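Visitor: Using only what follows, build the 3D model:
(one chain, ligands or ions: 1)
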Amino acid sequence: MIAYCDAERCVEAGCRPTLCTGAGLRSNTEIFDRSCQAIPGGVNSSIRAFKAVGGSPYVVARAAGPYVFDVEGKRYLDLVQSYGAVILGHAHPAITAAVSAAAADGTSFGAPTPREMKLAEAISERVPSCERVRLMNSGTEATSTAIRLARGVTGRDLIMTFNGNFHGATDALLVAGGSGVATLGLPGTAGIPDATVSNTMIAPYNVVPVLNDRIAAVIVEPVAGNMGVVAPAPGFLAGLRAECDRVGALLIFDEVITGFRLGTGGAQAKFDIRPDITCFGKVIGGGLPIGAVGGSAAVMEELTPLGKVFQSGTLAGNPIATAAGLAALDLLTEDVYMELMARTRRVAGVLRDACAAAGLTVQFPVVGTLMGMYFGSGDLPTNFDEAKTTNEREFAAFFQAGLAEGIAFAPGAYEAVFVGLGHDDVVIDELAVLVNAAATRAVASLG
Ligand SMILES: *Cc1c(COP(=O)(O)O)cnc(C)c1O
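Guide: Here you go, the predicted model:
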């Protein structure tokens, strides 16, 4: 007899909860080890393997609101929220209903649908720079399409990107840069020929680079969310806009994180800068796979079938993902963002207090509804070189202590902390208790 059965936990073929004998239930490590025999490293996105923090990952059976539950039934107060994609909290009833309704109408057709029309309209209405929106399946697709589009529109090859910004697994943007001034990028991973990044320049974040008329586009995270959370310095985004205009380059905002997280208008509304092209992902899919590129009609209509810049996708504009995204955007009103900002500040305060009381040196920078962690004293980082001074060993100890106490942070020192609508006051009170224990535990483990 088993006390708890869940088909998601059970690895027996054909298991159904009512019939389950419990024989197929496995621990986190058993499932992860078995996954490693089928999936390289046991994961479908590298960070999930815990290489940066050590140990072996929890394997998720299900999630609800602010919590995820692993296959052993252990509950974690989740501050990953699918890296921000699940802003409403897990298994939100509005998303579940939208997904079920859409699934019953068929999952993909290879033809236009009203749902994709509505999501594109919903984005355009909220983000004025996006007069036209093309939907795809991931943020990675969005950034690679945006780069192709910018090159096609301008007839130029060079792209400028910023050290410490992340734009997904897009070859031309997986570059490593040096310190200091803008340099030609080097491949940021094996498998990328020098030639693939020979047209990618890389510059330090928060310094407006001097551009020239060979540059097609500058792509930037308007609030950096992948080197911890780093705010744009005053004048940085406006300076980029002006410098792009001076040389006729396009300005691409990668709002895959910030879009519909900082507010209905994203970072471009918050900082009042109009980019030429915007990339979206994460929130706009309500937790389902999605990406989008938006811009003026003139720029966007350079995409095929109207223009000469190719784009396609078998599952692009998927009816289930667009239904989930629409359901999310419908609920994300200005009031909700005000509330989310207040909660983000509260969560940051709770984390700060617990760490200070335990004697951990860590800061939790907040930009609107985004929060980072920086294990260091003094000024907050403004670029990647500074962000890298975070104490990764202390982060790993805090991360592991969090897990032990039932808090899930993203397993990397440079990831954001994601607060969502599931984190209400009661949950934040609970977080305060858990994080006090976690901070004490982390300090003890550091010796
Ligand atoms: C997550 C992310 C991406 C990539 O999106 P995927 O959906 O994972 O491909 C691109 N840019 C930024 C800023 C991101 O945070």
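Visitor: element containing Ala150, please.
Guide: Secondary structure assignment for Ala150, by DSSP states H and E: helix 139-154.
Visitor: Chain neighbours aside, what residue packs nearest to whatever residue of the stretch 1-150 of the chain ends up closest to the ligand?
Guide: Closest residue of the stretch 1-150 of the chain to the ligand, Cβ to the nearest ligand atom: Gly139 (2.2 Å). To be clear about C-beta, it is placed using only N, CA and C from the backbone, and glycine gets the same treatment. Leaving aside its sequence neighbours, Gly139 sits nearest to Gly281 (Cβ to Cβ, 6 or more residues apart in numbering; 3.0 Å).
Visitor: which ones are touching the one you found?
Guide: Residues near Gly281 by Cβ atoms under 8 Å, 6 or more residues apart in numbering: 85, 138-139, 142, 168, 256, 259, 290-292.
Visitor: picking that back up, just the CA atoms of the helix holding Ala150, as CSV, please.
Guide: Output in CSV follows, covering the C-alpha atoms of helix 139-154 (Å, rounded to 0.1, in the frame of the first residue of the first chain):
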residue,chain,number,x,y,z
GLY,A,139,12.8,33.4,-27.4
THR,A,140,15.8,31.9,-29.2
GLU,A,141,13.8,31.9,-32.5
ALA,A,142,12.7,35.5,-31.8
THR,A,143,16.3,36.8,-31.4
SER,A,144,17.6,34.9,-34.4
THR,A,145,14.7,36.2,-36.5
ALA,A,146,15.2,39.7,-35.3
ILE,A,147,18.9,39.6,-36.3
ARG,A,148,18.1,38.2,-39.7
LEU,A,149,15.4,40.9,-40.2
ALA,A,150,17.6,43.7,-39.1
ARG,A,151,20.3,42.6,-41.5
GLY,A,152,17.8,42.1,-44.3
VAL,A,153,16.2,45.5,-43.8
THR,A,154,19.5,47.5,-43.5
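Visitor: now it, how far from the centre of its chain.
Guide: Distance, stretch centre to chain centre, for helix 139-154: 19 Å (Cα atoms, centre = their mean, to the nearest Å).
Visitor: and the next element down the chain from it?
Guide: Helices and strands here follow DSSP H and E; after helix 139-154, the next one along the chain is strand 158-162.
Visitor: I would like the residues contacting that next one, please.
Guide: 147, 150-151, 167, 172-173, 175, 182, 185, 199-205, 209, 211, 214-221, 224, 249, 384.
Visitor: Among these, name the ones in helices.
Guide: 147, 150-151, 384 (DSSP state H).
Visitor: Quick check: the two most widely separated of the residues you listed?
Guide: Arg151 and Phe384 (25.0 Å; Cβ to Cβ).
Visitor: So for those two, which residue has more residues nearby?
Guide: For Arg151 versus Phe384, neighbours defined as other Cβ atoms under 10 Å are more numerous around Phe384 (23 against 19).
Visitor: So for the more buried one, what's the nearest residue that isn't a sequence neighbour?
Guide: Nearest non-adjacent residue to Phe384, counting by Cβ to Cβ, 6+ apart: Gly164, 2.8 Å away.
Visitor: Also Glu255?
Guide: Closest residue in space to Glu255, ignoring its immediate chain neighbours: Gly266 at 4.6 Å, by Cβ to Cβ, 6+ apart.
Visitor: quick one, phi/psi of that neighbour?
Guide: When read as degrees, to the nearest 10, the backbone of Gly266 gives phi 70, psi -160.
Visitor: so how far is the ligand from it?
Guide: 12 Å (Cβ to the nearest ligand atom, to the nearest Å).
Visitor: how many other residues sit next to that residue?
Guide: 27.
Visitor: swap in Arg346?
Guide: By other Cβ under 10 Å, neighbour count at Arg346 equals 17.
Visitor: what's the average pLDDT for stretch 115-128?
Guide: Regarding stretch 115-128, the rounded mean pLDDT is 98.
Visitor: buried set for that stretch?
Guide: 115-116, 118-120, 122-123, 126-127 (16 or more other Cβ atoms under 10 Å).
Visitor: Kindly report the same for stretch 127-136.
Guide: In stretch 127-136, counting by 16+ other Cβ under 10 Å, buried: 127, 129-130, 132-136.
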